[in-house]
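A.B. asks: Quick one, what's the 3D model for this:
(chains A, B, C and D)
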Amino acid sequence: MTTLCADPDEAVAEVRDGSTVLVGGFGMAGMPVQLIDALIRQGATDLTVVSNNAGNGDTGLAALLAQGRVRKVICSFPRQADSWVFDGLYRSGEIELELVPQGNLAERMRAAGAGIGAFFTPTGVGTPLAEGKETREIDGRTYVLEMPIHGDVALIGAHRADRAGNLVYRRTARNFGPVMATAATSVVAQVSEVVEIGDLDPETVVTPSVFVDKVVAV
Amino acid sequence: MTTLCADPDEAVAEVRDGSTVLVGGFGMAGMPVQLIDALIRQGATDLTVVSNNAGNGDTGLAALLAQGRVRKVICSFPRQADSWVFDGLYRSGEIELELVPQGNLAERMRAAGAGIGAFFTPTGVGTPLAEGKETREIDGRTYVLEMPIHGDVALIGAHRADRAGNLVYRRTARNFGPVMATAATSVVAQVSEVVEIGDLDPETVVTPSVFVDKVVAV
Amino acid sequence: MSTSEKPLGTQPLGKDEMAALVARDIPAGSFVNLGIGQPTSVADHLRADQGVVLHTENGMLGMGPRPAPGEEDPELTNAGKQPVTELPGASYFDSAASFAMMRGGHLDVCVLGAFQVSAGGDLANWHTGAPDAIPAVGGAMDLALGAKSVFVMMTLFAKDGTPKLVPSCTYPLTGVGCVDRVYTELAVFDLRPEGVVVRETFGTSYDELAARLEVPLLR
Amino acid sequence: MSTSEKPLGTQPLGKDEMAALVARDIPAGSFVNLGIGQPTSVADHLRADQGVVLHTENGMLGMGPRPAPGEEDPELTNAGKQPVTELPGASYFDSAASFAMMRGGHLDVCVLGAFQVSAGGDLANWHTGAPDAIPAVGGAMDLALGAKSVFVMMTLFAKDGTPKLVPSCTYPLTGVGCVDRVYTELAVFDLRPEGVVVRETFGTSYDELAARLEVPLLR
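C.D. replies: As a prediction, this is how the structure comes out:
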């Protein structure tokens, strides 16, 4: 059952201290900006954030980090021209980083959502990011064993929802949203528009309603 | 580059003896009937067929089996009210069967298409279908290791293609088509209609053109 | 819940009554898979205001009832390959996504038939073990693990009179420790870590059941 | 192919000429990922009649050039987060599907930058190994394995004059044995099982290259 929330604050009200929060978006495309702002107001702390990047400038994820609310970041690309908040926390040892190749990041969340216990991937083999991990040769190629990443909560940005919670995305803003929606216990989506049940073509639904717990139009 | 074929015979002309052929469809929905008929005419033999079922009545897959052209079937549900051709070959030891739970069948092809070397799945653990396979306990749950299923050729049924090879499906005829399209070296799709490039909404494409080698309208 | 909390049925349930009972117990708003065969009849007893959304393993959420004669669409079927309809709010997806949805634990309830269920929740419903049988599993092993709650609907005794709720399955397993509740014509059982709890009885009593089954029963 | 089969360039290539050279070598009809940074300039040199389809890791096939000023769409970007356009025949998909497409070997060519490439095809392009550097890998390790042919574009020598085509990488690896061909301003190299083959030279000679590099070269 998907709940339509009146505002982003209601949508993130139940995030708890110590949670693992999956945050969608690739750069600004698909970034659930209003949900992150609401999470900053909401106050949950000691969070683990899983996202492709680790915040830009002084707003959004960076602002959450700046408040000391994030214990650990699991991401593929924290270092950017304007990632000074993360950079500072990392250099001073105030935040933990688990660096994951982008495809493994997506696949590990996909595994969590699909009930896969672990998988062998070729990506990262022979590099520092596979150090200490189990490897295996299968049919002449070497693979490294990677584990699922489950979220307690996913915050994602989509284009349009129906009242049942079915989601469609727009262009390259789709990115991590669909896979994060499968990988978290509670999934919160911000959308540009909520339409009536029956207004989305069932052939074009990208995230079926079963994955979505809360929807808020922003 | 996707080739538009004049007829199903041209589309399956290159199937070789000894090939592994992935055949789409769940019952008749999504079944590439005309491609199978063309494969029967084409003559390739000693085939391994991967499909959810193992043929019904005396046509299609059953007719291919009846001609002694299939060495092995990998499927989830061969036994049906009208699967007498398979039943007879199986009882007389003339065909090999690898029985795979339907979800593992789909996931093993998904792994092949996604470059995953192997994966741990909970499905089948403790049953005869996991006997002899590696198992592992991960976070308190037992999983069995399953390997990818690659095809040399996939024969699938879709609804509509554009000339670039992008595919959309219709209703529950989608089933195994999209995953088989990722798992085979050469992918042949029969469709009801071929439209111009630009006539499919890029948001609604289910199988992107990169996966599709040959398209034929039937 | 002890048997004393519910009125006892005075006679065994018919198939239709069993289906109605299962339907009654499915929480409002659940996402549900009804397998194939007898469990699919549960759909006929779901109330519209329950807001239950049906999943079918061949790639759909929001499955509706059988269409009117002449309105069948060969490209819109359930897992039993029977024609169905599409309800508003439906969605379609491929087989890998459909089974990922099940295996990942996203469905709330799955209702299955069974040859045998063990006290520990093991399920046998795909193969009788007969040496000449042609094996076929379909989605059975996925469905057995494919929901937060797995309900079984079956007769409590086989045609030869032997119990189907057993200390340990003799037929080949479909899944281990996966069944949460068993609906039969004589009683409903909850399979819990502490043992098999008789939830309701119909035309029989706890003592009669305890005498006929080898499985220790809890009230 | 030996160096004698092609006319030798009389001076080192500029960046634009390198990009043009790579574009020329991409087979017609290929599905291609151009990474981020310098390799993206290859797109400017692809001919329309080559029918090359560009993939971007953030979830698109059929990526078009930068839009006209004022027509940028913040929801349509490339992997470098720069605005792009959509060409007819495009499709969108999520990150898991996008990387599955790469990892599964469905793309034909990937073009990447590099800090170092070893004679055996090892790639180092994500981390200089500097102890104070904040690590960031993005899709680099996926891209390194993500196509049937992996091309590198780089200067042959670092700013301090040391070669970047080396017997063995000293920087942390991105991928092992993954690079097929290296384009530099002075020469194009094929990395083959039998060794490093000089394919073309520009403003230098095989002998000069052999003298400046520690890697054994084949003609």
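
A.B. asks: What score does residue 175 have for pLDDT?
C.D. replies: No chain specified, so I'll use chain A. At A:Asn175, the model reports a pLDDT of 98.

A.B. asks: that's the wrong chain, I meant chain C
C.D. replies: So C:Gly175 comes in at 98 (pLDDT).

A.B. asks: and if you look at C:Ser2?
C.D. replies: 40.

A.B. asks: do C:Pro7 as well
C.D. replies: For C:Pro7, the pLDDT comes out at 51.

A.B. asks: Hmm, A:Ile116 is touching B:Phe119, no?
C.D. replies: Yes - contact criterion CB atoms under 8 Å: A:Ile116 and B:Phe119 qualify, at 5.2 Å. Every C-beta, even on glycine, is put in place using the N, C-alpha and C of the backbone.

A.B. asks: what ranges do the strands span in the chain?
C.D. replies: Assuming you mean chain A. Using DSSP state E, the strands of chain A run over A:3-4, A:20-23, A:47-50, A:70-75, A:96-99, A:118-121, A:135-138, A:141-146, A:151-157, A:160-162, A:167-168, A:184-191, A:193-195, A:214-217.

A.B. asks: Can you look at chain C instead?
C.D. replies: Using DSSP E, strands in chain C cover C:31-33, C:53-56, C:60-64, C:85-92, C:109-112, C:116-118, C:123-124, C:149-153, C:165-166, C:181-183, C:187-192, C:195-201, C:217-218.

A.B. asks: So which of those strands is nearest chain A?
C.D. replies: strand C:85-92 (3.5 Å; CB to the nearest CB).

A.B. asks: any idea of the mean pLDDT in that closest one?
C.D. replies: 97.

A.B. asks: Who are the contact partners of the closest residue to chain D within chain A?
C.D. replies: Residue nearest to chain D within chain A: A:Gly103 (3.1 Å; CB to the nearest CB). Applying CB atoms under 8 Å, 6 or more residues apart in numbering or on different chains to A:Gly103 gives the contacts A:Thr121, A:Thr123, D:Glu57, D:Ser95, D:Phe99, D:Ala100, D:Met102, D:Arg103, D:Gly139, D:Met141, D:Asp142, D:Gly146.

A.B. asks: could you redo the last one with a cut-off of 6 Å?
C.D. replies: Each residue near A:Gly103 by CB atoms under 6 Å, 6 or more residues apart in numbering or on different chains is listed here: A:Thr123, D:Phe99, D:Arg103, D:Asp142.

A.B. asks: Any chance of the strands of chain A in TSV with mean pLDDT and distance to chain B as columns?
C.D. replies: Shown next, in TSV, are the strands of chain A (pLDDT from 0 to 100; distance: least, CB to the nearest CB, whole Å):
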stretch	mean pLDDT	distance to chain B
strand A:3-4	98	23
strand A:20-23	98	14
strand A:47-50	98	17
strand A:70-75	98	17
strand A:96-99	98	17
strand A:118-121	98	4
strand A:135-138	98	4
strand A:141-146	98	4
strand A:151-157	98	15
strand A:160-162	98	11
strand A:167-168	98	7
strand A:184-191	98	15
strand A:193-195	98	15
strand A:214-217	98	19
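
A.B. asks: B:Asn56 is nearest to which of the ones you listed?
C.D. replies: Nearest to B:Asn56 among those is strand A:118-121 (34.5 Å), distances taken as CB to CB.

A.B. asks: what residues does chain A put near chain D?
C.D. replies: Counting by CB under 6 Å from any CB of the partner chain, chain A comes close to chain D at A:26-29, A:76-79, A:87, A:90, A:99, A:101-103, A:106, A:110, A:122-124, A:126-128, A:170-176, A:178-179.

A.B. asks: before we move on, back to that, now do the residue of chain A closest to chain D against A:Arg110, distance only.
C.D. replies: Distance of A:Gly103 to A:Arg110, computed by CB to CB, to the nearest Å: 10 Å.
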